[in-house]
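1. pasting the structure only:
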Ligand code: EPU
């Protein structure tokens, strides 16, 4: 398409960009390669009043079957980079896949990221939602984050922004780079811890199936998975979607599930917990309609 500052394609299928492998197309789609290109496309979208949606690794995302009337932006390979700087910080571009970030940390003898083993997605997505366990988020290691919006780029240092459980604190801005302060360690020991963390996760989560991780946030002090399990939803089905028998907060795409199947099943799960416990669960999953 002409008159955008960088190439924009039409009707980009989004299902292949998600780990659920579900959903329709984006009306418009672009992959900026630099902070300047990102700011320029965001400005162009703002000038045209076009809705913008942020695509990361697609591992926490459900796209509606009808697709989205929006410009979907995914950071290009120019943001897939890593380096250890002169202060010993591991600098990761936002499009760096988390598994690659873990390999780089191990290679440089830097410990801390091991609990993020076997988690898909990108560094930018993980930072935007402060991915991790309820007690430790990936931003707990962040010394700096670089943020971009239509007005340009800024770098914030620790203490200059706030974040919380499943909230990276970037608001509407894009995280394009994160600098992590990790602890020096022996690469072999780091590798062993990474393998152990992945094995533990494999026991309690359906990692080999198509899912988007946990569907609901944990209510304060509780596990949504446990509440759902107690409410009896494991193995419930709707169309091609099912609640995992391993972890009750995971929906898996078993047989060509549609987004409507998954959303319907999520409603049933929420209702079951409301009835059993009187608690209203909120989506952790990002849903694009
Ligand atoms: N539990 C059950 N039944 C289930 C699931 C869990 O009884 O079906 C129990 C477990 O036995 C355990 C407790 O609930 O005693 C907590 O379970 P788990 O360790 O799996 O942690 P979680 O609170 O359910 C959170 C994150 C996960 C993350 C794990 C491990 C949220 C919503 N989920 O789950 O993140 O992997 O901790 O760190 O915060 C994700 O974000 O997509 C995700 C999967």
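-> Done, it's in. What you see is a predicted model; the values in this text were computed from it and never measured. Residues are numbered from 1 along each chain as shown.

2. for the rest of this, base every contact and every neighbour count on C-alpha atoms.
-> Noted.

3. which residues of the stretch 51-200 of the chain lie near the ligand?
-> The stretch 51-200 of the chain has residues 133, 134 near the ligand, with proximity defined as CA under 6 Å from any ligand atom.

4. do a quick rundown of the helices in the stretch 51-200 of the chain.
-> 98-107, 123-128, 187-204 (DSSP state H, counting those that start in this stretch).

5. dump those helices into a markdown table; add mean pLDDT and mean neighbour count as well.
-> Shown next, in a markdown table, are the helices of the stretch 51-200 of the chain (pLDDT from 0 to 100; neighbours: other CA atoms under 10 Å):
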| stretch | mean pLDDT | mean neighbour count |
| --- | --- | --- |
| helix 98-107 | 98 | 20 |
| helix 123-128 | 97 | 28 |
| helix 187-204 | 97 | 16 |
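
6. reformat those helices as CSV; add distance to residue 30.
-> Below are the helices of the stretch 51-200 of the chain laid out as CSV (distance: least, CA to CA, whole Å):
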stretch, distance to residue 30
helix 98-107, 22
helix 123-128, 17
helix 187-204, 33
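
7. residue in the stretch 1-150 of the chain nearest to the ligand?
-> As assessed by CA to the nearest ligand atom, the ligand sits closest to residue 133 within the stretch 1-150 of the chain, at 3.7 Å.

8. how near is that residue to residue 74?
-> For residue 133, the distance to residue 74 (CA to CA, to the nearest Å) stands at 25 Å.

9. please say which of those two ends up with more neighbours.
-> Neighbours per residue (other CA atoms under 10 Å) separate residue 133 from residue 74, with residue 74 holding more: 20 against 12.

10. and that one, what is it in contact with?
-> Neighbour list for residue 74: 29, 30, 31, 32, 54, 55, 56 [criterion: CA atoms under 8 Å, 6 or more residues apart in numbering].

11. make JSON lines out of those residues and add neighbour count and pLDDT.
-> Output for these, formatted as JSON lines (neighbours: other CA atoms under 10 Å; pLDDT from 0 to 100):
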{"residue": "29", "neighbour count": "22", "pLDDT": "98"}
{"residue": "30", "neighbour count": "20", "pLDDT": "98"}
{"residue": "31", "neighbour count": "20", "pLDDT": "98"}
{"residue": "32", "neighbour count": "23", "pLDDT": "98"}
{"residue": "54", "neighbour count": "14", "pLDDT": "97"}
{"residue": "55", "neighbour count": "21", "pLDDT": "98"}
{"residue": "56", "neighbour count": "24", "pLDDT": "96"}
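
12. dump those to a markdown table, plus distance to residue 246.
-> Putting the contacts of residue 74 into a markdown table (distance: CA to CA, whole Å) gives the following:
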| residue | distance to residue 246 |
| --- | --- |
| 29 | 36 |
| 30 | 37 |
| 31 | 36 |
| 32 | 38 |
| 54 | 30 |
| 55 | 28 |
| 56 | 26 |
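
13. and these, which of them are in strands?
-> Of the contacts of residue 74, the ones assigned to strands by DSSP state E are 29, 30, 54, 55.

14. test my guess that residue 50 contacts residue 70.
-> Yes: applying CA atoms under 8 Å, one finds residue 50 in contact with residue 70, separated by 6.4 Å.

15. for the two, indicate the residue with more neighbours.
-> Set side by side, residue 50 and residue 70 give different neighbour counts by other CA under 10 Å, the larger being at residue 70 (18 against 14).

16. and the more buried one, how close does it get to residue 63?
-> Distance from residue 70 to residue 63, by CA to CA: 12 Å.

17. equivalent analysis for residue 108, please.
-> According to CA to CA, residue 108 stands 37 Å off from residue 63.

18. compare those two (neighbour count), which wins?
-> Set residue 108 next to residue 63 and count neighbours by other CA under 10 Å: residue 63 wins out with 26 against 17.

19. look at that one and report its pLDDT.
-> Taken from the predicted model, the pLDDT recorded for residue 63 is 98.

20. ditto for the one 10 residues further on
-> With respect to pLDDT, residue 73 scores 98.

21. ok, it touching residue 29?
-> Yes: taking CA under 8 Å as the contact criterion, residue 73 and residue 29 are neighbours in contact, 5.8 Å apart.
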